[in-house]
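[1] what follows is a protein structure lacking sequence information:
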């Protein structure tokens, strides 16, 4: 932005160089909170487990041929029938090693959460910025759609969409994008409305820059911080929603169990005392979500100008 | 005020029409409900008869128009499976869902508001930190998993409470309610706690934020300068003012609780309308799914309207405007 608008016009920016860059301040304030650091560690562990799942898992849980039905429903710490693997967290009804299944399940869960939120963020930002920039009937129309969308509980919309589209990781992602974009559109519009009244936008308009350039290069970067905070917390929301849908049996297919489906599979064995099949995937899911929430929560505190000293 | 309400209702009608059309077309695309209804030995002739009987032989747009013209007279057609009126089936299940939702919401308000005020009054105390950390856990733990774990501990391991179903009911004003029997409570308490856990966490956070915002205000300082006791300041001055965000959030969350009842009802085999929706989607029972959508939109719009009106009652500074909608 500084390349386009001469600093003479902007004025007060030249006063007093800051003692540290915004990134340094962000890092210092973030690391000052122990809970936030704990959240970050949890999150990084979950991501690492998901990324390296094929290399660190004792077994490939998707390879039905490798599973030995004699090993099904073994309690945690048991050895497999051929003595090759120790099932630290036990096995499920189909003789999958739960630890491996959890690593692979985290993969599906984080993938679905990450991609759907990124896409929803992109769509929502475009819609919100456009609504704030053009105002008038475009704004009215877009925001009415957002209102209607938000007046519906996400789980109901996702349930109907998946009933129509059928099961599948890609379909879950599409459903999650559809239920989430409106949040970002509303937040982006609110942020953009504030930015739109500022002088740098006026300056860019005076220079007869196209609206695409003003929106993308000038306004968007200034609207990003609040959106990123919402996106962080929303990943947790998306993961929880995905696992809920899979639990209800309309999410991912049986062949690629996500954490929600692992928990659902364990449900039928729980009443007969095989608690671990539901228990451990749930713990993994909860830790990942707690991690994301702690990080997002603290990011919001840091980035909120009202809390800044 | 009247213009505001009328505007809202018109908006609701529009949403109901759009959603019903989407669900109608959507479930049409998914599959042929006749295949679910007819037995395996049914001849093609039998299938034709079923199709004609339910009007499924007509083109889709005609089916929708017929459905809508009936819907305007509050007739939502018969369930493909049960044969009974779809709306009747849902309304029959509604008290169970509402009872669960109301008990859960009460529970979270009773626990959440006092804890939230405490956390707002003493932001640095160790107890506050544990309350706030607990609240992060509260809304992070996946709801359905909490339900499963409660069943595991209290029904399987300890054997104190039954794991599923609804207990004995008592008819009150024509509605079956289970909150008046001990058996009813023993089956209600686990699903209610499952829902309440996440909602309590949210109420705590809202209450704490509102309390912290209200404390530095002049009216609190003035009340203290007058020499009022803390308990009176809390009960009269603080509580009245923080009530507004709590009512707003509580009201909107109530809608969420009713919608998310799908999950809790599935786990605890609670005979409510959420379970009915899931079953109707799986069995392609279109009239029930569409009627449910229409009912829930109506319910949510009414709830939002009630919250808005209550808002202006609680805070005379707020004026409802037709333009704001």
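    Perfect, I can see it now. On a predicted model such as this, the values are computed, not experimentally measured, just so you know.

[2] count of residues packed around the closest residue to chain A within the stretch 151-300 of chain B?
    Closest contact between the stretch 151-300 of chain B and chain A, by Cβ to the nearest Cβ, is at residue B:259 (3.4 Å). In short, each C-beta sits where N, CA and C put it, glycine included. Using other Cβ atoms under 10 Å in any protein chain shown, residue B:259 has 23 other residues around it.

[3] likewise for residue B:288?
    Neighbours of residue B:288 (other Cβ under 10 Å): 29.

[4] likewise for the one 5 residues further on?
    Residue B:293 is flanked by 21 other residues according to other Cβ under 10 Å.

[5] helix or strand: which one has it?
    Element membership for residue B:293 (DSSP states H and E) is helix B:286-314.

[6] pull out the buried residues from stretch A:150-162.
    Going by neighbour count (16 or more other Cβ atoms under 10 Å in any protein chain shown), the buried part of stretch A:150-162 is A:151-162.

[7] nope, stretch B:91-106 is what I meant
    B:93-101, B:103-105.

[8] for chain B, tell me which of the buried residues of stretch A:150-162 show up nearby.
    A:151-153, A:155-156, A:159-161 (Cβ under 8 Å from any Cβ of the partner chain).

[9] and the residues you listed as JSON lines, adding secondary structure, distance to residue B:109 and pLDDT?
    Formatted as JSON lines, these follow (DSSP: H, G, I helix; E, B strand; the rest coil; distance: Cβ to Cβ, whole Å; pLDDT from 0 to 100):
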{"residue": "A:151", "secondary structure": "coil", "distance to residue B:109": "23", "pLDDT": "74"}
{"residue": "A:152", "secondary structure": "coil", "distance to residue B:109": "24", "pLDDT": "76"}
{"residue": "A:153", "secondary structure": "coil", "distance to residue B:109": "20", "pLDDT": "80"}
{"residue": "A:155", "secondary structure": "helix", "distance to residue B:109": "22", "pLDDT": "84"}
{"residue": "A:156", "secondary structure": "helix", "distance to residue B:109": "24", "pLDDT": "82"}
{"residue": "A:159", "secondary structure": "helix", "distance to residue B:109": "27", "pLDDT": "84"}
{"residue": "A:160", "secondary structure": "helix", "distance to residue B:109": "30", "pLDDT": "80"}
{"residue": "A:161", "secondary structure": "helix", "distance to residue B:109": "32", "pLDDT": "83"}
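
[10] quick check, residue A:222 in a helix?
    Yes: judged by DSSP: H, G, I helix; E, B strand; the rest coil, residue A:222 forms part of a helix.

[11] so what's the closest residue to it other than its chain neighbours up against?
    Excluding its sequence neighbours, the residue lying closest to residue A:222 (Cβ to Cβ, 6 or more residues apart in numbering or on different chains) is residue A:195, at 5.0 Å. With contact taken as Cβ atoms under 8 Å, 6 or more residues apart in numbering or on different chains, residue A:195 is in contact with A:132, A:201, A:219, A:222-223.

[12] please report how far residue A:195 lies from residue B:60.
    46 Å (Cβ to Cβ, to the nearest Å).

[13] kindly report the same for residue B:150.
    From residue B:150 to residue B:60 the distance is 44 Å (Cβ to Cβ).

[14] please name every helix or strand in contact with the helix or strand harbouring the residue of the stretch 151-300 of chain B closest to chain A.
    The secondary structure element spanning residue B:259 is helix B:239-268 (assigned by DSSP H and E). Judged by 3 or more Cβ pairs under 8 Å, 6 or more residues apart in numbering or on different chains; DSSP states H and E, helix B:239-268 is in contact with helix A:154-165, helix A:220-248, helix B:86-121, helix B:143-150, helix B:182-214, helix B:273-282, helix B:286-314.

[15] any idea how far the first one is from the chain center?
    What that stands for is helix A:154-165. Going by Cα atoms, centre = their mean, to the nearest Å, the spacing between the C-alpha centre of helix A:154-165 and its chain's C-alpha centre is 19 Å.

[16] same check on the second one?
    Its chain's average C-alpha position is 4 Å from that of helix A:220-248, according to Cα atoms, centre = their mean.

[17] and the angle for it with helix B:239-268?
    Calculated by axes from the mean of the first three to the mean of the last three Cα atoms, to 10 degrees, helix A:220-248 forms an angle of 40 degrees with helix B:239-268.

[18] buried stuff in helix A:220-248?
    Applying 16+ other Cβ under 10 Å to helix A:220-248 flags A:220, A:223, A:225-227, A:229-248 as buried.

[19] need the contact partners of the following helix or strand past it.
    Downstream of helix A:220-248, the next assigned helix or strand under DSSP H and E is helix A:259-270. Helix A:259-270 is contacted by residues A:73, A:92-94, A:98, A:101-102, A:105-106, A:108-109, A:242-249, A:251-252, A:254, A:257, A:274, A:276-279, A:281-282, A:284-285, B:142, B:144-145, B:148, B:151-152, B:156, B:267 when judged by Cβ under 8 Å, 6+ apart.

[20] let me have the buried residues of stretch B:91-106 in TSV, extended by distance to residue B:121 and pLDDT.
    Shown next, in TSV, are the buried residues of stretch B:91-106 (distance: Cβ to Cβ, whole Å; pLDDT from 0 to 100):
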residue	distance to residue B:121	pLDDT
B:93	43	83
B:94	40	84
B:95	39	84
B:96	39	85
B:97	36	87
B:98	34	87
B:99	34	87
B:100	32	88
B:101	30	90
B:103	28	91
B:104	26	91
B:105	24	91
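
[21] how about the residue of the stretch 51-200 of chain B found nearest chain A, what does it touch?
    Closest to chain A within the stretch 51-200 of chain B is residue B:145: 3.8 Å, counting by Cβ to the nearest Cβ. With contact set as Cβ under 8 Å, 6+ apart, residue B:145 has these partners: A:263, A:278, A:282, A:285-286.

[22] and it, how far from residue B:14?
    38 Å.

[23] for residue B:224, see how far away residue B:216 is.
    Taking Cβ to Cβ, one finds residue B:216 at 12 Å from residue B:224.

[24] burial count for the nearest residue to residue B:154 once chain neighbours are set aside?
    Excluding its sequence neighbours, the residue lying closest to residue B:154 (Cβ to Cβ, 6+ apart) is residue B:161, at 4.8 Å. Using other Cβ under 10 Å, residue B:161 has 16 neighbouring residues.

[25] pretty sure residue B:161 belongs to a helix, no?
    No: looking at residue B:161 with three-state DSSP, it is coil, so not inside a helix.

[26] host element of whatever residue of the stretch 1-150 of chain A ends up closest to chain B?
    At 5.4 Å from chain B, residue A:148 is the closest residue in the stretch 1-150 of chain A, using Cβ to the nearest Cβ. Using DSSP H and E, residue A:148 sits in helix A:136-150.

[27] summarise which helices and strands that helix is packed against.
    Applying 3+ Cβ pairs under 8 Å, 6+ apart, we find helix A:136-150 packed against helix A:98-134, helix A:169-196.

[28] make TSV from the ones you listed and add mean pLDDT and distance to residue B:138 to it.
    Formatted as TSV, the helices and strands packed on helix A:136-150 follow (pLDDT from 0 to 100; distance: least, Cβ to Cβ, whole Å):
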stretch	mean pLDDT	distance to residue B:138
helix A:98-134	89	20
helix A:169-196	89	21
